[in-house]
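>>> show me how the following folds:
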Amino acid sequence: MRNCRLNLIDRTGRIASLPVLLVLLLVAGCRQDMQNQPKLIPQRGSEMFADHRGARPQVVNTVARGQLHEDSFFYTGVIQGANGYREEKNEMPFPVTLDVLKRGRERFNIYCTPCHSRVGNGLGEIVERGYKPAANLHDQVRLAQPISHYFYVMTHGYGAMPDYSSQLTPVDRWAVAAYIRALQLSQAAKAEDVPVGVAVRSLKDVAAESGHTEFAEPWTLPSTAIQAYPHDVKQGTPALAPANPADPEIKIPLSKPAPAAAK
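Numbers count the residues shown, from 1 in each chain. From the prediction side, this is the model:
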């Protein structure tokens, strides 16, 4: 009987201590150290820093991985001139190989020919739909422009031409610029430019053999074209195409005199 009573007391004591332990554990878990720690929450203020901003500004000159763009000329097409202005250069940032020219021709035929045509005379197919004639890449103005100018125009756009920085990577833009220069040389080539031993054939003969004599005829603007500027004969007619002045004269009418004040 005594042993049974002791066992009952022992069990009762254990049963009574269990709620106490649970309460102690619960109280111990109510500490707010982790909840109130000085952590930074996005888009919230903070008392930790003097400017009371939780989000810290980036370190000056921080560059994301893969976006260093250390070669400024490769990515911009311009250099810092001695006078402080940006200057274009008549050179490529990497050697021009046959593969580079093939890539440039492929990209040019995809993105440039709708406006400039495959020979670059500015009479692409889109002109027949009423679009303004594009620049003739063979006139005296474009021939005198440095090769990086074409990269800059493809990057930022010019006039009615939008930029093609989304469609063409920097290396492709340079490849197209190199192909434009090769295209210019091909359209103004002379017989003495051909290496010795290479046969030179007339375009008219090649067109006649192919059954398309119109290929050797002068290119003309369709009646649906919108010619913004009159033809400038001083620019010449490379590739038998009309040329447009690069910087047409802009005339601003004089302001009308202000009306006399009422007396």
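
>>> pLDDT weak spots in this structure?
The chain contains residues with pLDDT under 70 at 1-16, 25-38, 221-263.

>>> the helices in it, which residues?
2-28, 72-76, 98-111, 113-116, 140-144, 147-156, 170-187, 203-210 (DSSP state H).

>>> to residue 62, which of the ones you listed lies closest?
helix 72-76 (17.5 Å; C-beta to C-beta). No exception for glycine: its C-beta is placed from N, CA and C like everyone else's.

>>> quick one on the thing from earlier: of the helices of the chain, which is nearest residue 132?
helix 113-116 (8.8 Å).

>>> put the alpha carbons of the closest one into PDB.
This file holds the C-alpha atoms of helix 113-116, laid out as PDB (Å, rounded to 0.1, in the frame of the first residue of the first chain):
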ATOM      1  CA  THR A 113      18.600  46.800 -97.500                       C
ATOM      2  CA  PRO A 114      14.900  47.600 -97.000                       C
ATOM      3  CA  CYS A 115      15.800  51.300 -97.000                       C
ATOM      4  CA  HIS A 116      19.300  51.500 -98.500                       C
END
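
>>> run the chain-centre distance for that helix.
19 Å (C-alpha atoms, centre = their mean, to the nearest Å).

>>> that helix packs against which elements?
Where contact means 3 or more C-beta pairs under 8 Å, 6 or more residues apart in numbering; DSSP states H and E, helix 113-116 is not packed against any helix or strand.

>>> nearest residue to the residue nearest in space to the middle of the chain other than its sequence neighbours?
With distances taken as C-alpha atoms, centre = their mean, the residue of the chain nearest its centroid is residue 165 (1.9 Å). Closest residue in space to residue 165, ignoring its immediate chain neighbours: residue 155 at 5.1 Å, by C-beta to C-beta, 6 or more residues apart in numbering.

>>> give the contact list for that neighbour.
Residues near residue 155 by C-beta atoms under 8 Å, 6 or more residues apart in numbering: 76, 77, 163, 164, 165, 173.

>>> contacts only, for the fourth one.
Which is residue 164. Residue 164 touches 111, 154, 155, 157, 173, counting by C-beta under 8 Å, 6+ apart.

>>> change it to 10 Å
Each residue near residue 164 by C-beta atoms under 10 Å, 6 or more residues apart in numbering is listed here: 107, 111, 112, 153, 154, 155, 156, 157, 172, 173, 176.

>>> what about the nearest residue to residue 146 once chain neighbours are set aside, distance to residue 184?
With sequence-adjacent residues excluded and distances taken as C-beta to C-beta, 6+ apart, residue 146 is closest to residue 90, at 3.7 Å. Using C-beta to C-beta, to the nearest Å, one gets 12 Å for the distance from residue 90 to residue 184.

>>> what's the neighbour count on the closest residue to residue 93 other than its chain neighbours?
Of all residues beyond its chain neighbours, the one nearest residue 93 is residue 74 (4.3 Å), with distances taken as C-beta to C-beta, 6+ apart. Using other C-beta atoms under 10 Å, residue 74 has 17 neighbouring residues.

>>> wait, residue 74 touches residue 170, no?
Yes. Under the criterion of C-beta atoms under 10 Å, residue 74 makes contact with residue 170 at 6.3 Å.

>>> which residues are in contact with each of these two?
Joint contacts of residue 74 and residue 170 (C-beta under 10 Å, 6+ apart) are 93, 151.

>>> that older thread, export the contacts of residue 155 as JSON lines, with columns for distance to residue 17.
Shown next, in JSON lines, are these (distance: C-beta to C-beta, whole Å):
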{"residue": "76", "distance to residue 17": "78"}
{"residue": "77", "distance to residue 17": "82"}
{"residue": "163", "distance to residue 17": "78"}
{"residue": "164", "distance to residue 17": "80"}
{"residue": "165", "distance to residue 17": "75"}
{"residue": "173", "distance to residue 17": "80"}
